[in-house]
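In: model this:
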Amino acid sequence: MKNATVQPPVLLGLVVLALLVAFLWATHIILSPILIGSVLLFILFGQRELPIAKQLAISVVIIFAIWIFLKAQTVFFPLFFSFLLAYLFDPVVDQLVKWRFPRTLGVIIVLLLTFGLLILMGSLLVPNLVSEIQDLIGRSQNLPDKIVHFLDENLPKVASFFKADTTKLKDSLTNQIPGGLEQLLSNLLKGVLSVGSFLGQILNVILIPIITFYLLKDFDKIKFWLLELIPKMHRGASYFYLWRFNRILGGYLRGQVIVCTIVGILTGLGLTILGVPFAILLGVLTGLLNFIPFIGLYISLGLAFLVCLLTADPVIAMLKVAGVFVVVQGLEAYIISPKIVGERVGLHPVAVIFSVLVFSKFFGFWGLLIGVPTAAVIKFFIDEWKRREKWKSERQVIDVSEN
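Out: Numbering: from 1, shown residues only. Now for the predicted structure:
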């Protein structure tokens, strides 16, 4: 019978492993992911004949890249923002090239128009926004009394019909809404005031415009270079999937920017024409919140109704706001969005709401923005998988019948 004691090579390996763990623990203060990752890649490179070594090396590189991005996200932000701008404006530059414009000249025209419009809108909107927000903060001190007065006049009839407890409802509204509104307006004012300093920092280094210029100028070359990294056997399918991905995501993002801008302008103009106070602020908020499907509409409408309580005749102001929202949202739903965004997303309204709620739960504010296009891309891959499975089953039936 063989001896059950541990063989010397195994014992030596355990001792080396224990000493290695002790060494790493003793030097963990000076170790960094860069050093550990480099050592891991060096070791795996020596074992590159093994299939698992290649897979582990790819995993290390991916984790290493994510770590670098999270650590240096402030450095990567100008590059990411510039790439997003280049991605959004590339079709416009391509169209100018089709019109016989040199690509460099087309890029210059697009960037000058874009940044010129941003500067013009900022110079016109920011002072008015600051003034309206400051005025609204001052008036919000009287909001509790306005709410109580409005509820005393209008709530009893509704409450008696539904047999609701008006006392508890009034206490809840008057205790929660004023503080929340004041905090929201204060944060919004800080955001508006900080835009100038933020843009000043970016423009001082002139980083984003320069990076965007070079990315737009060579965007087709960058796309070709990235596609060349894909193995030839998968390149055809990758072209198709990337084309569909670009059509869904790019079309949705570009369309939403245009639609939200139009909705914000129309809402602000409509409220201004009807004499509703804080029209510019409500128009800007409505345009921004329109990025969030369905939910953004109700949030902006609720905020507009809340602002109406600070007017001399809240009921008339609410009717005016409701009229403007009905007209603008009707135009957006039946004319603007179908013409601009179209059916690229192709999600059921319930799926849209569900995707917004789920992604906002896990990713916060950014989840509200990426929820719908991400869900649309997931739906596309599911549909494509179902199509392939159906094709395989039909192919099998044909093969069986032929045999």
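In: From now on I want contacts and neighbour counts done on CA atoms only, so please keep to that.
Out: OK.
In: List the buried residues in stretch 48-64.
Out: Buried residues in stretch 48-64, defined by neighbour count with 16 or more other Cα atoms under 10 Å: 53-54, 57, 60, 64.
In: what's the answer for stretch 113-124, then?
Out: The neighbour-count check on stretch 113-124 (16+ other Cα under 10 Å) flags residue 122 as buried.
In: again, but for stretch 252-260
Out: Buried-residue list, stretch 252-260, by 16+ other Cα under 10 Å: 252-257, 259-260.
In: any low-confidence regions in the stretch 251-400 of the chain?
Out: 341-348, 365-366, 397-400 (pLDDT under 70).
In: Let's see that with 90 instead.
Out: For the stretch 251-400 of the chain, applying pLDDT under 90 flags the ranges 251-260, 275-282, 284-285, 287-318, 329-400.
In: still on that earlier bit, going by distance to residue 373, which of the buried residues of stretch 252-260 wins?
Out: Taking Cα to Cα as the measure, residue 373 lies nearest residue 252 of those, at 6.9 Å.
In: which helices and strands sit right next to the one helix or strand the closest one maps to?
Out: Taking DSSP states H and E as the criterion, residue 252 maps to helix 232-273. Here helix 232-273 touches helix 73-98, helix 279-289, helix 314-331, helix 337-340, helix 349-402, going by 3 or more Cα pairs under 8 Å, 6 or more residues apart in numbering; DSSP states H and E.
In: one more time with 10 Å, if that's ok
Out: If contacts are counted by 3 or more Cα pairs under 10 Å, 6 or more residues apart in numbering; DSSP states H and E, helix 232-273 sits against helix 73-98, helix 219-228, helix 279-289, helix 314-331, helix 337-340, helix 349-402.
In: where does stretch 361-379 sit relative to the chain's centre, distance-wise?
Out: The chain centre lies 7 Å from the centre of stretch 361-379; the measure is Cα atoms, centre = their mean, to the nearest Å.
In: Now do the buried residues in it.
Out: 367-377.
In: send the alpha carbons of that stretch over as CSV?
Out: Taking Å, rounded to 0.1, in the frame of the first residue of the first chain, the C-alpha atoms of stretch 361-379 are listed here in CSV:
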residue,chain,number,x,y,z
LYS,A,361,-32.7,51.8,-10.3
PHE,A,362,-29.3,50.4,-11.1
PHE,A,363,-27.6,53.4,-12.9
GLY,A,364,-29.4,56.4,-11.4
PHE,A,365,-29.7,59.5,-13.6
TRP,A,366,-27.7,58.0,-16.5
GLY,A,367,-30.0,55.0,-16.4
LEU,A,368,-32.9,57.3,-17.3
LEU,A,369,-31.1,58.3,-20.5
ILE,A,370,-29.7,55.0,-21.6
GLY,A,371,-32.6,52.7,-20.6
VAL,A,372,-34.7,53.0,-23.7
PRO,A,373,-31.9,52.6,-26.4
THR,A,374,-30.2,49.8,-24.4
ALA,A,375,-33.5,47.9,-24.1
ALA,A,376,-34.0,48.4,-27.9
VAL,A,377,-30.6,46.9,-28.6
ILE,A,378,-31.3,44.0,-26.3
LYS,A,379,-34.7,43.5,-28.1
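In: Hmm, residue 44 and residue 50 touching each other?
Out: Yes. Taking Cα atoms under 10 Å as the definition, residue 50 is a contact partner of residue 44 at 8.9 Å.
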